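Colleague: Any chance you can model this:
(3 chains)
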Amino acid sequence: MKNLRFFLLDLGEKTTPHGSEIWLWGIDDHDRNVLVVDRSFKPYLYAIPKEDSPPATISAALRSSKTGYADALESSVEEKKLFGQIVKAVKITCTSTETLEAAAKHLSKRGLVQQIIGNDIRYSSLYLYDRGLIPCKWHETEAETLGTSPALTGNAYLSHSSPHPIAFKGIPRLRILAFSTVAFAEKGSPHASQDPVSVISVATSDAKVRSFSRSNESDHDIITDFANYLMEFDPDIVAGFESNRIGWPYLIERAQRSGATLGISRLGLQPHTSVYGHVSIAGRASLDMLDYANELPDIKVKTIENVAESLGIKLNAILPDQLDLAKTWNSPQDKPLLLRGADAYARAILETTERLLEFGMALSSLTCMPLDQVATAAVGHRVDSYLIKEAYQQGHLIPPRRDQVYERYQGAIVLAPHAGLHENVVALDFASMYPNLMILYNLSPDTLVSPTEDCDDSSCWTIEGLGFRFRKTPPGLYRNALTSLIAIRNEIKKGIQTKSLSDSERRVLQQQERAVKVITNACYGYAGWTGARWYAREVAESAAALGRKSITQVIDRCKETGIPVIYADTDSVFVTRDEAKVNSLLRWVSENLRMEIRPDKNYRRVLFTEAKKRYAGLLTDGTLDIVGMEVVRSDWSEIARKVQERVIDLVLRDGSPNNAKIYALNAIDQLRHGKTTVRDLIIWRSLTKPIEEYRVNAPHVQVAKEYLKLGRKLVPGDKIGYVVTKKGTKLYDKARPYFEVTSDEVDTEYYVSGQVAPAAARILGVFGISQDELLFGTQRPLP
DNA sequence: GCACTGAGATTACCC
DNA sequence: ACGGGTAATCTCAGTGCG
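Modeller: Modelled structure (predicted):
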């Protein structure tokens, strides 16, 4: 018997002769990996009896039944909250998930229950919520050594009661393994059914890089070597790029076809696809860095090269294009490039993992989702999990997901901007507008008063214009959840202020703050999402209506006090900077709106066109702030974006368009003379659905069909890169895959009149300089 | 047959 | 597979003209 401390990394469930039990994987305080088995927690669900059947009949029905669930351990009646109602629920606990499932079926079939609650939550998740364990945090428990079995790596313990979290900070030393694979076909994309894996490169946190390269037609040996190498290194974290969708499924199928074994989990099992489409490896956290890249919206085309570049990670080699891999492999001279490329990718994935892990762990702890799941899970599911955890603590039942009817509702206000160049402007922002409104008006599905119910103004908020009413007390689920999120964030902020922090401690806190912010800001959208367990359109609609009212009041107050309003969107107002007037406005807001509005960005100059949601400013710190313009849009060519950025820069710094116009004319001239690389002309667009579902023949769709003809695999979400050539009339005829276009085929005139000129004219138009003037202008560029 | 027009499709952005 | 609001481009069918 010993007191065991461990950092919770992964967990699973297993049915053994002891019934269902929880397996916790972690790192102890001596950096050893441990398995802690908890047999003290059994799966359960709640049955809500029909009004005419007393709870006792449910217990009786279970006891009298002959099959399967005779082992129902207990059933007890509890009072629980469900959408603001108090319901009597029968808690049914079984020794195993299988018998619980059978018991649920039995009850449904007998027609004794109104609703069964909790059978759409996995046993292992239920365990975390119920017992209060926190992934990626330290725990403590009394445990005894469990006999090691050959299938287990590491030290196994049996805990005598459920472990509990302790206030022990820090992240243990984790063993990380990153891998990158190369597979190719003679033509097009490789298919696991026929094309072997040729290279597997592995980079580990002990700074070693190792590659395995196929020496014959079979990949049996390299998969085996990879698996052995992995088992020997025994990583806590295994990272890849696109590994959920491609890397692992491919390796798994290849292993199966070549007869190799890929039993790389800490139970000696193969990786498998699990919830949210993530690939799980028992006992290890399997992470896909593509999921993390999706948290970085500035990266438009999600490749490992781009992710590495944006994080400042140097790649000392890159792999050839997919379609050129076979050629490279078959050339003795070029073949080493594949190894070097794969090595470089594995290294980059390792470094990416090291950089982004803290955020993942922060998100994991906050939402109570295991590290490997949280990265892959969509925002809605993360909020879902966070709310489940909160709801548990407040005695709510967890409503099952249901099919909800989608109803559109009115959202935020966006003002038409005053077009032109403005000096000394400050953007004022409401601090967490929607979360605060949800807290202030107690907006929640469980506080929503039904239309038939009586409720006077002293006990209810009535939302102007909508008529929805919300009880002022008790606090609803959203108010509690958001209040606690805001409290956590303030606590973290305080921590960050601490002078004595080390860099790494500060970084951890910053990532925690980021995680809290993500979840806080997602709650409003979650409330209006039909997939949410706590979906309530009335809640989201009310928050939006209150938001409109708040921003309108600020705008009106500005007008009354003589502050020019240049633009406003949702929760921000752009006004001319007048220290005294603005300060008095801020005071007025905090005194009258029960909310805070804060100066956010300060502009020396800011330019608005007629369009909403698009502007460009020069901040007082000298940097450019470009919003919504072509510069920040991935579906415009690099050349158009570069020229527009320079035009913006010149206009804002000069305060006049003269130099910018000369520059633009010059840039167009250069382009017309072919002084541009094809690289700068690629236009990237996403495929959002399968090709055959497109109803109009857009350029990127046509090009995608060419990709397919070349044998490339495409799935929704893939980015199609194309360049417009001279051949053809319609744009979709002229567009060709970017990798097949040579510079002499480029339709330069399209890029002039369809890309660069419009992008430049968008800015210069504010000063009366038209696109035609740029296209046919008589003014010659400077010598 | 051709230029023009407006509706619809499509995507990526803002907050 | 978190919400609504928005700009912009291109296709495509319909229309008027000659």
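
Colleague: Tell me, how many residues neighbour A:Ser686?
Modeller: Using other CB atoms under 10 Å, A:Ser686 has 15 other residues around it. Yep, even glycine has a C-beta here, placed from its N, CA and C like the rest.

Colleague: so it makes contact with A:Ile720?
Modeller: Yes: between A:Ser686 and A:Ile720 there is a contact at 7.4 Å, judged by CB atoms under 8 Å.

Colleague: List the residues that are in contact with both of the two.
Modeller: Common neighbours of A:Ser686 and A:Ile720, using CB atoms under 8 Å, 6 or more residues apart in numbering, are A:His700.

Colleague: just the CA coordinates of the helix or strand containing A:Leu24, formatted as PDB?
Modeller: Element membership of A:Leu24 [criterion: DSSP states H and E] is strand A:19-28. Extracted in PDB, the C-alpha atoms of strand A:19-28 (Å, rounded to 0.1, in the frame of the first residue of the first chain):
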ATOM      1  CA  GLY A  19     -17.100  -5.800 -13.800                       C
ATOM      2  CA  SER A  20     -16.400  -2.500 -15.500                       C
ATOM      3  CA  GLU A  21     -13.400  -0.700 -14.200                       C
ATOM      4  CA  ILE A  22     -11.500   2.500 -15.000                       C
ATOM      5  CA  TRP A  23      -7.900   2.500 -16.100                       C
ATOM      6  CA  LEU A  24      -6.000   5.700 -15.500                       C
ATOM      7  CA  TRP A  25      -2.700   6.300 -17.300                       C
ATOM      8  CA  GLY A  26      -0.300   8.800 -16.000                       C
ATOM      9  CA  ILE A  27       3.100   9.900 -14.900                       C
ATOM     10  CA  ASP A  28       4.100   9.700 -11.300                       C
END
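
Colleague: quick one: average confidence on it?
Modeller: The pLDDT scores in strand A:19-28 average 94.

Colleague: Could you do stretch A:2-11 as well?
Modeller: Per-residue pLDDT over stretch A:2-11 has a mean of 95.

Colleague: outside of stretch A:78-92, which residues touch it?
Modeller: Outside stretch A:78-92, the residues within contact range by CB under 8 Å, 6+ apart are A:44-49, A:55, A:58-59, A:62, A:72, A:74-77, A:100, A:103-104, A:117, A:394-397, A:399, A:445-448, A:471, A:476.

Colleague: tell me the contacts of the residue in the stretch 451-600 of chain A that DNA strand C sits nearest to?
Modeller: Here the residue of the stretch 451-600 of chain A nearest DNA strand C is A:Gly525; by CB to the nearest atom of the strand that distance is 2.3 Å. Neighbour list for A:Gly525: A:379-380, A:540 [criterion: CB under 8 Å, 6+ apart].

Colleague: could you redo the last one with a cut-off of 10 Å?
Modeller: The contact partners of A:Gly525, taken as CB atoms under 10 Å, 6 or more residues apart in numbering, are A:379-380, A:383, A:434, A:532, A:540, A:543.

Colleague: Please name the residues that touch the residue nearest the centre of chain A.
Modeller: With distances taken as CA atoms, centre = their mean, A:Glu295 lies nearest the centre of chain A, 5.0 Å away. Applying CB under 10 Å, 6+ apart to A:Glu295 gives the contacts A:356, A:359-360, A:363, A:375, A:379, A:514, A:518.

Colleague: Let's have those residues in a markdown table, adding distance to DNA strand B and secondary structure.
Modeller: Below are these laid out as a markdown table (distance: CB to the nearest atom of the strand, whole Å; DSSP: H, G, I helix; E, B strand; the rest coil):
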| residue | distance to DNA strand B | secondary structure |
| --- | --- | --- |
| A:Leu356 | 20 | helix |
| A:Phe359 | 19 | helix |
| A:Gly360 | 22 | helix |
| A:Leu363 | 19 | helix |
| A:Ala375 | 20 | helix |
| A:Val379 | 11 | helix |
| A:Arg514 | 16 | helix |
| A:Val518 | 13 | helix |
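
Colleague: quick one on the thing from earlier: and the strand holding A:Leu24, what other elements does it pack with?
Modeller: strand A:2-16, strand A:33-38, helix A:97-110, helix A:123-131, strand A:138-145, strand A:155-159 (3 or more CB pairs under 10 Å, 6 or more residues apart in numbering; DSSP states H and E).
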